[in-house]
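>>> Next one to model:
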Amino acid sequence: MAMEPGRRRRQDNAPTVLLQVRVDPEIFALVNEAAAASGAAKALYMQTLLRSLAENGGHLPVLDIGRPQLEELPIPAA
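Numbering: from 1, shown residues only. Next up, the predicted model:
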């Protein structure tokens, strides 16, 4: 994605790895709005947000996302 004028970005040659995610359009808009208000690129905004969460709690929070059931439960015969 093209860098938007006026937004801060990470230093040149900073070590990085690619983290691709898909999000709902509403979440994308919220991230874009928050990054713009912070004067940062979306990637730098997300990196700073995740680092802040990790530093405040010592790790990233574990969320109850409602994982799908991985095994079929037995059904007793009638």
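>>> Near residue 49, how many other residues are there?
The criterion is other C-beta atoms under 10 Å. On that basis, residue 49 has 15 neighbouring residues. Just so you know, the C-beta spots here come from the backbone N, C-alpha and C atoms, and that holds for glycine as well.
>>> Provide the secondary structure category for it.
Here residue 49 is helix, with the state taken from DSSP: H, G, I helix; E, B strand; the rest coil.
>>> any idea how far it lies from residue 66?
23 Å (C-beta to C-beta, to the nearest Å).
>>> Then residue 29?
For residue 29, the distance to residue 66 - C-beta to C-beta - is 24 Å.
>>> neighbour-wise, which of these two wins?
For residue 29 versus residue 66, neighbours defined as other C-beta under 10 Å are more numerous around residue 29 (11 against 6).
>>> what's the helix or strand for that one?
Using DSSP states H and E, residue 29 sits in helix 25-38.
>>> before we move on, what about residue 45?
Applying DSSP H and E, one finds residue 45 within helix 42-57.
>>> Would you check how far apart the residue nearest the centre of the chain and residue 18 are?
For the chain, residue 46 is the residue whose C-alpha lies nearest the centre (C-alpha atoms, centre = their mean; 5.9 Å). According to C-beta to C-beta, residue 46 stands 13 Å off from residue 18.
>>> re the thing from before, now the helix holding residue 29, how far from the centre of its chain.
Offset of helix 25-38 from its chain centre (C-alpha atoms, centre = their mean, to the nearest Å): 12 Å.
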